[in-house]
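Enquirer: can you look at this prediction? I've put the sequence above it.
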Amino acid sequence: MLAKNAKVYIAARNNEKAKAAIEDLKLTTGKEAIFLKLDLSSLRSIRAAAEEFLGCARNDFRRVLLSDSYFNRKEQELHILFNNACALFPLYEG
């Protein structure tokens, strides 16, 4: 997706692994993805990541989501979401 000029966010809880993946993508595509700190086991982290993605301050989160300030956001839309959570659960071999 980076090779096709898409803006790509790498959301991960491990900063070092995400930075390594971003560097690898940069070497491969010549373009840089954006790191977004996200730990799905923490609601506080999820909210902070959403606020970072939208580009709003903590107190403005609901106002930005629910108001006409659509074009004041850092990002207006999320077009595609890839979730790699399958590594968290072993395959059932029953």
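Expert: Alright, I've got the coordinates.

Enquirer: what's the residue closest to the geometric middle of the chain?
Expert: Closest to where the C-alpha atoms of the chain average out (Cα atoms, centre = their mean) is A11, at 3.8 Å.

Enquirer: and that residue, which helix or strand is it part of?
Expert: Per DSSP states H and E: A11 is located in strand 9-12.

Enquirer: show me the strands in this structure, by range?
Expert: 9-12, 34-37 (DSSP state E).

Enquirer: which other helices and strands contact the last one?
Expert: Okay, so that is strand 34-37. For strand 34-37, the elements it packs on are strand 9-12, helix 15-29, helix 43-54, judged by 3 or more Cβ pairs under 8 Å, 6 or more residues apart in numbering; DSSP states H and E. Placement of C-beta: from N, CA and C, glycine included.

Enquirer: and it, what's buried?
Expert: Neighbour counts over strand 34-37 (16 or more other Cβ atoms under 10 Å) mark F35 as buried.

Enquirer: okay, now the sheet partners of it, with direction.
Expert: In the sheet, strand 34-37 lines up against strand 9-12 (parallel) (DSSP bridges).

Enquirer: contacting residues for N5?
Expert: K31 (Cβ atoms under 8 Å, 6 or more residues apart in numbering).

Enquirer: again with the one 4 residues further on
Expert: Remark: with contacts taken as Cβ under 8 Å, 6+ apart, Y9 is in contact with A33, I34, F35, L36, F53.
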